[in-house]
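Novice: What would the 3D arrangement of this be:
(3 chains)
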Amino acid sequence: MGLLEVKNVNKRFGGLQALGDVNLSVAENTVHAIIGPNGAGKSTLLNVLVGKLIPDTGSVIFDGQSVLGRKPHEINQMGISRVFQTPEIFGDLTVLENVLIPCFARRDGSFKLHAFETVMHEREIVDMAEQMLTDVHMIEKRNLQASTLSRGDKRRLEMAMCLVQQPKLLLLDEPTAGMARADTNNTIDLLKEIKATRPITMAIIEHDMHVVFSLAERITVLAQGTPLVEDAPENIKGHPKVQEAYLGQSHE
Amino acid sequence: MFGLNKKDSVLFVLVLFLTMCAPFLLNPFPQGSELAQFNAGYPDLMQRFVIFGIFAIGFNILFGLTGYLSFGHAAFLGVGSYAGVWMMKLLTMNVIPAIMISVIVAGLFSVLVGYVSLRRSGIYFSILTLAFAQMSFSLAYSVLTPITNGETGLQLNLDDPRILGVSEVNGSIPPPNLFGLSLRDSAEMTFGNWVFTFNTGYYMCAVLMLIAFYISIRIFRSPFGMMLRAVKSNQQRLNYTGLNTKPYTLAAFVISGMYAGLAGGLMVAMDPLAGAERMQWTASGEVVLMTILGGAGTLIGPVLGASFIKYCENIFSKINDNILHQWFAFMPDGIEDVIVFLVHPFVGKGWHLTLGLMFMLVVIFLPGGLVEGGQRIGRLFRRRKPDAASDASQTKPAE
Amino acid sequence: MDALLLQVLNGIDKGSAYALIALGLTLIFGTLGVVNFAHGALFMIGAFCAVTMQRILTLSYEVVDPTRTDFLGQPLKVAVPYVEKFLGESAGAAIIDWAVPISILLAVPFMIFIGFAMERGLIKHFYKRPHADQILVTFGLAIVLQEVVKYFYGANPIPTPAPDAFAGSFDFGAMLGMEAGNIIYPYWRMVYFFFALAIIGAVFGFLQFTTFGMVVRAGMADRETVGLLGIDIDRRFTIMFAIAAVVAGVAGVMYAPINSPNYHMGMDFLVLSFVVVVVGGMGSLPGAVAAGFLLGILESFASMAAVVEFLPGINQIIIYLVAIIILLTRPRGLMGRKGVMED
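Specialist: Purely as a prediction, here's the structure:
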């Protein structure tokens, strides 16, 4: 039984079968990548995983509980943190505050009227956030306004915000989309570092092969809404079905 | 001090000093002098400064922190006023129950309005709050006349029961009091040509404003306040960080509604009548303007904005052509007439024109309000000193 | 039955005004993406164009009429409008009588000017600013405009009569074979209704059948793509703003005889027109028109004695109530496109 179990998920948009009989199991403490050519149904699958879309049939069970139809904050409180394609951070707040918010969310739940406490007096929360910023090498930037950061730093900050919650599952949606090669490599290094320093489960949705093969321990190939194969990276590379899916695509 | 950091303590002490010494500070010109017309140190105006200060401080907690622009906050002030007057009609002229009921009723009403309006954001939220306020205004004018006394406005009468107090004293309505201390009492101090007035009502309002201001500082520095700023910055990220934005925004809405109710209650305590026009959307626009003019999202801004506008309103609407002619008397006759003619539309009854222009100019050129303006000037001076230039570019969190 | 018909008729003239203002509002929102709180002021300025025209036409000089005397026995001074002097007494009087329709000639160029000035001078700089800033700056502008009008024309409503030809009422009931005198409807209100229909038809026709309109519609649907095609969309949007201003302006001109213009009529109509736009669907032109008439008629039904007796005050709040219900159950409005401003 994996941490995340997707069973028989089907989703149709009018005449288009966006997802057909998707079965997927993400095991604890692995990096699981979901790859596929454009239009393979990756984003639809992601939207199902975060509760945004409700599939026509099938179930998505995380840690023994269904995620279907739940609101984003409930899904996060269950233990799923999400990294977006373009970094989603609180641009008007300082770097430190950006990391403090998930710390509070983790300790106090989805709502608490803590209107009369003072943020900076919550020592253990501030320590936790500062430790996290140290881990991702951003501690010296903690008082900068987050919107002034470089794109690479924004990605780093977003990652820190997710990690500080110690999620059971970290969901990454094309974390290197639109990045220059150097930034992509930095991100890969960061993810490797994270993986090396703590037990974590990651699900990466990605179409950049370089990223996937550098990180993943397990890969699911999606094509036309259906998983073609699921295997270890070394077996995926030479797999005829995968080559067909990708080459067929590139010849178009 | 009181759990505030050093910078906030300084700010608080400054506001404390300003409000407590206002009767001196606002009366810098000796009685009977040419400039005495610029004095603002009389009770009625000082009361308005602090009451609207409370209103704006509360509005800022919603608009300044979360960015939700409500165009209906005057409704809460109006509802609070009505509740307050009723308390004085039925219970007692002691203002404490009246003020308390104002806050409570406005709070309950804002729960209702907020719960519905906050299901939408952006411009839809603004229009929903506007619709609610206009609805309350129309109802207060028409159907609810038994409660609101319609166009005339709700007033005290000699035959009101006032079960805990007296209906009348020597044939007139007793004045509002604070445990027997009449709020209309003033002590006067004469110092040479200067006359300073210390009014009980003003000091009660000032103390309440200080409490309101203190609470607002605490909210700004609290995790709750940080979440509200996060709502303004990126709601999607906040949701995916495991926080439910709805209760946060609703709490902010209700808190600011209660502030408005407090302001309404104090208006009643100073002058026991309430009318529907207090709820009109232009009144809501005024508090928006105060907050923006002072600096939305800053601590001191709303207080500055409220005082500034109420002061200008008072001065500008007093000025008439005679006064203008006096001012420009030193000029040659022709030029004097031309200048008076040019200034005339903006003063006296034309005060609203000036207000509208001010509104536009601030939104266009100084979206951060007076506080930002002050910071810009401060930075300009600091840049002249090379050693201090380094920290001028440091961005600061909202203060 | 006849009572219902009467209410429908009573509703359509107010509904026409709502529809015309809402049409402009939604046009501006759809094309420029700007929430214009000063749009009601344009309606008000239009109404004051009628007032101005009336005043210009009745500019008079005094002559002494030797045949009559005043109460002191002096020869009577009679004011004679210049138009009567120049064009002869009967033609001049006719022109004065038709002052309101004639003032459209004044209102159109004036509103085009105001529209251009507003868009180029102010609104243009707010395209990229948040909606809150747009609301605030146009709110400020609305205050300024209404105070300027108040300065020149005073605070009291100024009666501006319709031409005598339309002064009477039309007996609808008699026409439909019902009892006479049951459903009477002032001619001018009917004129207003048909006028509104004509304007709405013209705007839709313009958008539907001209290249210019096609580009604007494409721009409303997807501004970026149209911009990428190398079409100068900004200039066209400026023109659209002017058109919206003209629509609001002439709506105001023709409304003057129905309700004597005062300086705050714009604000009064604005709030309701916003509600109309929201109910119809932000950015949907047919939605704005349909919702305008619908809410106008609904408001008039709610004012029926039987209804008010049953639900006191409902006539005051029905429009807001409908808006709140619509916003909560169907946020995109009756005819709004999916995904447009739905949050």
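
Novice: Chain A contacts on chain B?
Specialist: Contact residues, chain B versus chain A (C-beta under 8 Å from any C-beta of the partner chain): B:3, B:5, B:218-219, B:221-227, B:229-230, B:232-234, B:236-245, B:247-248, B:251, B:255, B:394-395, B:397-398. Quick note: C-beta positions are derived from backbone N, CA and C, even for glycine.

Novice: mind checking how far C:L106 is from C:L42?
Specialist: Here C:L106 is placed at a distance of 15 Å from C:L42 (C-beta to C-beta, to the nearest Å).

Novice: I'd say B:G373 and B:V362 touch.
Specialist: No: look at B:G373 against B:V362 with C-beta atoms under 8 Å: they stay out of range, at 9.1 Å.

Novice: More neighbours: which of the two?
Specialist: Ranked by neighbour count (other C-beta atoms under 10 Å in any protein chain shown), B:G373 and B:V362 place B:V362 first, with 24 against 15.

Novice: Does C:V80 belong to a helix, a strand or coil?
Specialist: Under the three-state scheme (DSSP: H, G, I helix; E, B strand; the rest coil), the conformation of C:V80 reads as strand.

Novice: I meant A:R12, not that one.
Specialist: Strictly by three-state DSSP, A:R12 counts as strand.

Novice: what's the neighbour count on it?
Specialist: There are 14 residues near A:R12, going by other C-beta under 10 Å.

Novice: do you know how far B:G78 is from B:L45?
Specialist: For B:G78 relative to B:L45 (C-beta to C-beta), the value is 22 Å.

Novice: ok, A:T94 touching A:N143?
Specialist: Yes: contact criterion C-beta under 8 Å: A:T94 and A:N143 qualify, at 5.5 Å.

Novice: Compare neighbour counts for these two and give me the winner.
Specialist: Between A:T94 and A:N143, counting by other C-beta under 10 Å, A:T94 is the more crowded of the two (19 against 13).

Novice: what bridges to that one?
Specialist: A:T94 has the following beta-bridge partners by DSSP bridges: A:Q145.

Novice: who are the neighbours in contact with the residue of the stretch 101-250 of chain B found nearest chain A?
Specialist: As assessed by C-beta to the nearest C-beta, chain A sits closest to B:G242 within the stretch 101-250 of chain B, at 3.5 Å. B:G242 makes contact with A:H73, A:N76, A:Q77, A:P102, A:A105, A:R106, A:G109, A:S110, A:Q165, according to C-beta atoms under 8 Å, 6 or more residues apart in numbering or on different chains.

Novice: how about 7 Å then?
Specialist: A:H73, A:N76, A:Q77, A:A105, A:S110 (C-beta atoms under 7 Å, 6 or more residues apart in numbering or on different chains).

Novice: Chain neighbours aside, what residue packs nearest to the residue nearest the centre of chain C?
Specialist: The centroid of chain C falls nearest to C:A251 when counting by C-alpha atoms, centre = their mean (3.2 Å). Nearest in space to C:A251, with sequence neighbours left out and distances taken as C-beta to C-beta, 6 or more residues apart in numbering or on different chains, is C:L20 at 3.7 Å.

Novice: Could you report the neighbour count for the one you found?
Specialist: 32.

Novice: any idea of the pLDDT on it?
Specialist: Note on C:L20: pLDDT of 90.

Novice: right, and it touches C:L197 too?
Specialist: No: C:L20 is beyond contact range of C:L197, at 10.2 Å (criterion: C-beta atoms under 7 Å).

Novice: tell me the SS of the residue in the stretch 51-200 of chain A positioned nearest to chain B?
Specialist: Closest to chain B within the stretch 51-200 of chain A is A:N76: 3.5 Å, counting by C-beta to the nearest C-beta. Secondary structure state of A:N76, per three-state DSSP, is helix.

Novice: if I look at the closest residue in space to it that isn't next to it in sequence, how far off is A:A105?
Specialist: Among residues not flanking A:N76 along the chain, B:G242 sits closest, at 3.5 Å (C-beta to C-beta, 6+ apart). Going from B:G242 to A:A105 by C-beta to C-beta gives 4 Å.

Novice: just A:F62 next, same as before
Specialist: For A:F62 relative to A:A105 (C-beta to C-beta), the value is 18 Å.

Novice: Could you check which of the two has the larger neighbour count?
Specialist: A:A105 (25 against 21).

Novice: so which one among the contacts of B:G242 has the lowest pLDDT?
Specialist: A:S110 (90).

Novice: Next, the buried residues of whichever helix or strand C:V216 is part of.
Specialist: Using DSSP states H and E, C:V216 sits in helix C:211-221. For helix C:211-221, a neighbour-count test (16 or more other C-beta atoms under 10 Å in any protein chain shown) marks C:G213, C:V215, C:V216, C:G219, C:M220 as buried.

Novice: mind listing what the third one touches?
Specialist: The one in question is C:V216. Listed by C-beta under 7 Å, 6+ apart, the contact set of C:V216 reads C:T31, C:L207, C:R236, C:M240.

Novice: can you do 6 Å?
Specialist: Counting by C-beta atoms under 6 Å, 6 or more residues apart in numbering or on different chains, C:V216 makes contact with C:R236, C:M240.

Novice: Can you get me the start-to-end distance on stretch A:208-227?
Specialist: 17 Å (C-alpha to C-alpha, to the nearest Å).

Novice: can you pull the buried residues of that stretch?
Specialist: So, applying 16+ other C-beta under 10 Å, buried residues of stretch A:208-227: A:208, A:211-212, A:214-216, A:218-223, A:225-227.

Novice: ok now that stretch, how far from the chain's centre?
Specialist: Remark: stretch A:208-227 is offset 14 Å from the chain centroid, using C-alpha atoms, centre = their mean, to the nearest Å.

Novice: residues contacting the residue nearest to the spatial centre of chain B?
Specialist: For chain B, the residue nearest the mean C-alpha position is B:F52 (1.8 Å; C-alpha atoms, centre = their mean). Residues counted as contacts of B:F52 (C-beta under 6 Å, 6+ apart) are B:A306, B:K310.

Novice: Which strand or helix spans it?
Specialist: Assessed by DSSP H and E, B:F52 sits inside helix B:43-66.

Novice: got the contact list for the helix or strand just after that helix?
Specialist: Moving toward the C-terminus from helix B:43-66, the next helix or strand (DSSP H and E) is helix B:73-90. With C-beta under 6 Å, 6+ apart as the test, helix B:73-90 has contacts from B:59, B:97-98, B:101-102, B:105-106, B:109-110, B:133, B:136, B:148, B:154, B:160-161, B:257, B:260-261, B:263-265, B:267-268, B:272, B:274, B:278-279, B:283-284, B:287.
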